[in-house]
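*Asks:* mind folding the following:
(chains A and B)
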Protein chains: 2
Amino acid sequence: MTAAFRQNGPRPPDSAVRQEDLRDLNLEVVFQRILGADSPISRTELATATGLTRPTITRIAEELLAGRLITEKGVTHNGRAGRPRVGLTLSDRGPAGLGLDIRADGLAACVVDLTGTVRHLTFAPMPYTGRDAGAVLGELTRMGREAIEAVMAKELTVVTATLAVPGPVDGGMVRIAPALGWRDVDAGTFLADLGVPCAVDNEANLAALGELYAGGDPLGSFLYVSGGLGIGAGIVLDGTLMRGARGWSGELGHVTVESEGAACACGSRGCLETYASTGAILGALPGATNRTDAPGGAGGIFEGINPDSVITTRAEAADPAALAALDRAGSALGIALSGAVNVLDVGTVLLGGSFALLSSWLIDSVRAEIDRRVVTASWSPVTVRPTLLGPDAAVIGAALTSIDQIRRRPTTWLARQS
Amino acid sequence: MTAAFRQNGPRPPDSAVRQEDLRDLNLEVVFQRILGADSPISRTELATATGLTRPTITRIAEELLAGRLITEKGVTHNGRAGRPRVGLTLSDRGPAGLGLDIRADGLAACVVDLTGTVRHLTFAPMPYTGRDAGAVLGELTRMGREAIEAVMAKELTVVTATLAVPGPVDGGMVRIAPALGWRDVDAGTFLADLGVPCAVDNEANLAALGELYAGGDPLGSFLYVSGGLGIGAGIVLDGTLMRGARGWSGELGHVTVESEGAACACGSRGCLETYASTGAILGALPGATNRTDAPGGAGGIFEGINPDSVITTRAEAADPAALAALDRAGSALGIALSGAVNVLDVGTVLLGGSFALLSSWLIDSVRAEIDRRVVTASWSPVTVRPTLLGPDAAVIGAALTSIDQIRRRPTTWLARQS
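*Replies:* Okay, here's the model as predicted:
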């Protein structure tokens, strides 16, 4: 019974800390200081900041330099002319992470280095038909291998890859992705030919991590909601992605907006996707769709149409049907988001994917519902704004996730090198 | 920009680990082993489990014994007759935690010792009128002081107290508690006379912690929902309470069930509380209420009536109006919970407070909505069941929270003693 007695906050280590563990721990402490610094940091500054001796810092710096985790950069001490001082900073020629993404309009691949800088980004448009899992994942494997080779020329070594998919994931298995017409697709196995280990993750989760990084607020809390053929959310609390008990959090697209609303592809009624997916918005525009029997129901597939551009064009022309559909979508999104904010308590909502593109027509109704329905909004208003990274958020987030393990545990990379 | 690059998982320490820190770290490692053991554990077993030397274990055990954190108990090694061996186990005569709770039907105080055992529990019925904050908190202070004195006779020292309130809390300030008619009540200041530091927290959060403890599953993930004059939820993910960005998570009572439903006291429409609070259920029973103008609207105050017993009596007599109201409440609860489960991803829902008492009439409609509306339920069904601790969950959870800081950081208590 006592074992269950656990709460928030730091935990002591599980086993005794011994002399030999100190070496790795202190290397990681020094690495985190270099990682967290705004500019190159000198060995002397590191000694002061960590409380370690100068010889210890020197030894650790040698290890990190040999492992291509850091590099030396000369800087002047105070911005005036003077003797340049040697600083240590993250290397842009060591380990790197690969991200892959299956978007509504195509496939994307991205490589980031240890500093979090995007070093390679490619996009291949994909027709809305022909989403056979084997073909899509084969093409992604090809793009991934090309990316790995391209960055080798920049002295970068891709360590791991992460694939973003629009649906809940179980290990390497995509359980359901209505926007692709996929169910129980073992994406992990398809991607074995990449040549590096590849994780599979939900695109909204990865996009939320991309936004967290781009936002520059390490302790940020927000809900990122991605619009498109499907709707998903990624939840960040105090700088940490909240994945839920089994990694399936953020299924905002299937939150009920009206209990006896239209039938949804998921089997329920009145889900947010039946109001606010691009399929649902397009379906409300006379003559805009050429298929109504598409797989995925309201979140279906539209041959040869880019839903976002059709909707945007009509809205810009002040087409009354388009404006009404967007208003209805915005209200439904606001109702679903209000429920999520009441339950989660986040002060910021980021509109991503199609919702970012359509935000000028959606955001007022979203804000109106949130102001009215979030119980804490009367004394602490919720901020609603479009995302920073736009459609690249998920693939950048995927690449950052791939490199993050090295940033968190540089010793695992060093052990591989020796 | 790099500082924002953070994700899930263990983090390295912030500063260098030095020789002198090892002493405290290892004391905590040993204490956690004793805390986690099912039965008294010998010094030899501790040495094996932690990798520390026998003299180090002996020194740490002396410190913990002197600080009344642990005690010695003789046990036989293998259940057969034999030489008794001396084991170390948590002390039931050292520090203790006080919990206080403002319930729908009265006030409660509880003390738990370091082992998590309830050593004192008192309850004072409170009429549904006269909920003046000063009077309520004055009475609670009196009950708390009485509890502190009562356990002194058992050689227990109350270290801190925690008050459970039915609403969002900001530091010691209760922002809004419609069930009590409170807004911006500085409960922390009112409780200064207790003589020990007193934290103020949301009752559903504290009840969820109580259930986590009682459930015995250290890595459990669940949503606890508390019914009553108000409705609140506590969210536990992997054994950790998810408080949200500002501590206001779990406002399930104000999740929209029907966007144009009845007006709620919070200013919105169609909130779960307008269907499933005891006030709303009672309001649907002809002749059951004697006040309709009560503060708090649908979650209002009913003079001289215990809402739960009125509803239960009518439901047991198969009163059609009562059964219909409960069915409606169960469906609304199921719809709101489905949204929360879709967003959070938890596999278990616990019905607490009035929902536990009424669960035989509610649970079928709750389950039906969840099965239909949770997108992952088709391959991973959600468990819905009444709570284990019943109405005492929050006050026990509050007391456990009070003692938890000593369980997590025994060195803070030891520093106080010397």
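
*Asks:* other SSEs contacting the longest helix along chain A?
*Replies:* As assigned by DSSP state H, the longest helix anywhere in chain A is helix A:320-344. Helix A:320-344 is packed against strand A:222-227, strand A:232-237, helix A:273-276, helix A:278-283, helix A:307-316, helix A:359-373, helix B:320-344, with contacts defined by 3 or more C-beta pairs under 8 Å, 6 or more residues apart in numbering or on different chains; DSSP states H and E. All C-beta spots, glycine's among them, are computed from the backbone N, C-alpha and C.

*Asks:* so for B:R59, which of the ones you listed sits nearest?
*Replies:* In terms of C-beta to C-beta, the element of these nearest to B:R59 is strand A:232-237, at 40.2 Å.

*Asks:* the following helix or strand past that closest one and chain B, any residue contact?
*Replies:* Using DSSP states H and E, the helix or strand that follows strand A:232-237 in sequence is strand A:240-241. Yes. Using C-beta under 8 Å from any C-beta of the partner chain, strand A:240-241 comes into contact with chain B via A:T240, A:L241.

*Asks:* residue of the stretch 251-400 of chain A nearest chain B, please.
*Replies:* Chain B sits closest to A:D345 of the stretch 251-400 of chain A, with a gap of 2.5 Å, by C-beta to the nearest C-beta.

*Asks:* next, the contact list for the residue lying closest to A:V382 once chain neighbours are set aside, please.
*Replies:* Among residues not flanking A:V382 along the chain, A:I370 sits closest, at 5.1 Å (C-beta to C-beta, 6 or more residues apart in numbering or on different chains). Applying C-beta atoms under 8 Å, 6 or more residues apart in numbering or on different chains to A:I370 gives the contacts A:G334, A:L337, A:S338, A:V341, A:V349, A:A377, A:V382, A:V384.

*Asks:* what do you get for A:L52?
*Replies:* A:L52 neighbours (C-beta under 8 Å, 6+ apart): A:N26, A:V29, A:V30, A:L46, A:I60, B:A16.

*Asks:* would you pull up the residue in the stretch 151-300 of chain A closest to chain B?
*Replies:* Nearest residue of the stretch 151-300 of chain A to chain B (C-beta to the nearest C-beta) works out as A:G244 at 2.5 Å.

*Asks:* next, count neighbours for that residue.
*Replies:* 25 (other C-beta atoms under 10 Å in any protein chain shown).

*Asks:* near chain B, which residues of the stretch 301-418 of chain A?
*Replies:* Contacts of the stretch 301-418 of chain A with chain B, taken as C-beta under 8 Å from any C-beta, map to A:331, A:335-336, A:338-340, A:342-347, A:372-376, A:378-380, A:400-401, A:404, A:407-409.

*Asks:* which outside residues touch the worst-scoring helix or strand of chain A on mean pLDDT?
*Replies:* Using mean pLDDT, DSSP states H and E, the weakest-scoring helix or strand in chain A turns out to be strand A:70-76, at a mean of 81. Strand A:70-76 has contacts (C-beta under 8 Å, 6+ apart) with A:31, A:34, A:39-40, A:61, A:64-65, A:82-93.

*Asks:* report the buried residues of it.
*Replies:* Neighbour-count burial for strand A:70-76 flags A:I70, A:T71 (criterion: 16 or more other C-beta atoms under 10 Å in any protein chain shown).

*Asks:* what residues sit buried inside the helix or strand just after it?
*Replies:* Once the chain leaves strand A:70-76, the next helix or strand it forms, by DSSP H and E, is strand A:84-90. Buried residues in strand A:84-90, counted by 16+ other C-beta under 10 Å: A:R85, A:G87, A:L88, A:T89, A:L90.
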